[in-house]
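J.: 3D, please:
(chains A, B and C)
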Amino acid sequence: MRRVLPPSFFNRPTLAVARDFLGKYLVRKVGGKTTAVMITEVEAYDGPRDRACHAHRGRTERNAVMFGAAGCWYVYFVYGMHWMLNIVTGEAGYPAAVLLRGGGESFDATRGKWDGPGKLTKALAVDRRLNGKAASRASGLWIEDRGTSVAARHVRRTERIGVAYAGSWAKKPYRFVLSPSPCPLPRGGGGTD
DNA sequence: ACGATGATGAAC
DNA sequence: TTCATCATCGTA
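T.: Here you go, the predicted structure:
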């Protein structure tokens, strides 16, 4: 079973899309070579109120694609050297996206190879050229469901990385990590805010 | 713990 | 036009 995720998958609340990303495959085709990476770590950036979200200060040239259709890539450059890969989620006009932060070769070997958003884009040759393009075979970068189902006990939620400037929004559990070993109950009991 | 490294956005 | 900032990473 192998299905390319359609725009409707992404046209849902950002947190739901982020959660459901775990266990899906990010597939890159460049030239004749295809690479598939199981997604194991993502972060949600949810709308203008989210102070960690680029759209918090309104629309700019850089973040414009976040305001567009779900299922398009939002790629930007940070720290003078790294490309960040996001996919736009939710209704057009509502600026939200999911940042792809890490991936592995399989469910049981989820760590080590592509941990870190900058390493992931470097490994998959992702740069500005994909910004605004749809996630599809045509763009050479897309997401597939290959039948892996991820149970709740394998999903760990934490604060997002590198967004300390966002005040209370930095503390929200918007980072989702796939953990092969079952996680104990979330810290503090409920966990999902 | 820190420096690399350059695009971006807001201020002037 | 200038300048602070930055959804990171490798080395120490």
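J.: are there helices or strands packed against the helix-or-strand element of chain A with minimal mean pLDDT, and which ones?
T.: Ranking every helix and strand in chain A by mean pLDDT, DSSP states H and E puts strand A:114-115 at the bottom, with a mean of 92. Using 3 or more Cβ pairs under 8 Å, 6 or more residues apart in numbering; DSSP states H and E as the contact test, the elements touching strand A:114-115 are strand A:96-104. Just so you know, the C-beta spots here come from the backbone N, C-alpha and C atoms, and that holds for glycine as well.
J.: neighbouring contacts of the strand it packs on?
T.: A:14, A:17-18, A:21, A:26, A:37-47, A:50, A:53, A:55, A:66, A:74, A:84-90, A:110-117, A:120, A:161, A:175, A:177 (Cβ atoms under 8 Å, 6 or more residues apart in numbering).
J.: go with 7 Å
T.: A:14, A:17-18, A:21, A:26, A:37-47, A:66, A:74, A:84-90, A:110-117, A:120 (Cβ atoms under 7 Å, 6 or more residues apart in numbering).
J.: got it, and stretch A:119-133?
T.: A:28, A:30, A:35, A:65, A:72-75, A:83-85, A:100, A:102-103, A:114, A:139, A:141.
J.: got it, and stretch A:2-15?
T.: So stretch A:2-15 is in contact with A:17, A:24, A:44, A:46, A:69-71, A:87-91, A:96, A:98, A:137, A:142-146, A:174, going by Cβ under 7 Å, 6+ apart.
J.: and these, which of them are in helices?
T.: Among these, DSSP state H puts A:V17 in helices.
J.: show the buried residues in the contacts of stretch A:2-15.
T.: Among the contacts of stretch A:2-15, those buried by neighbour count (16 or more other Cβ atoms under 10 Å) are A:17, A:24, A:44, A:46, A:69-71, A:87-90, A:96, A:98, A:142-143, A:145, A:174.
J.: just the ones of the residues you listed in strands?
T.: A:44, A:46, A:87-88, A:96, A:98, A:142-143, A:145 (DSSP state E).
J.: kindly reformat those residues as JSON lines containing pLDDT.
T.: As requested, these are exported to JSON lines (pLDDT from 0 to 100):
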{"residue": "A:A44", "pLDDT": "98"}
{"residue": "A:D46", "pLDDT": "98"}
{"residue": "A:I87", "pLDDT": "98"}
{"residue": "A:V88", "pLDDT": "98"}
{"residue": "A:A96", "pLDDT": "98"}
{"residue": "A:V98", "pLDDT": "99"}
{"residue": "A:W142", "pLDDT": "98"}
{"residue": "A:I143", "pLDDT": "98"}
{"residue": "A:D145", "pLDDT": "98"}
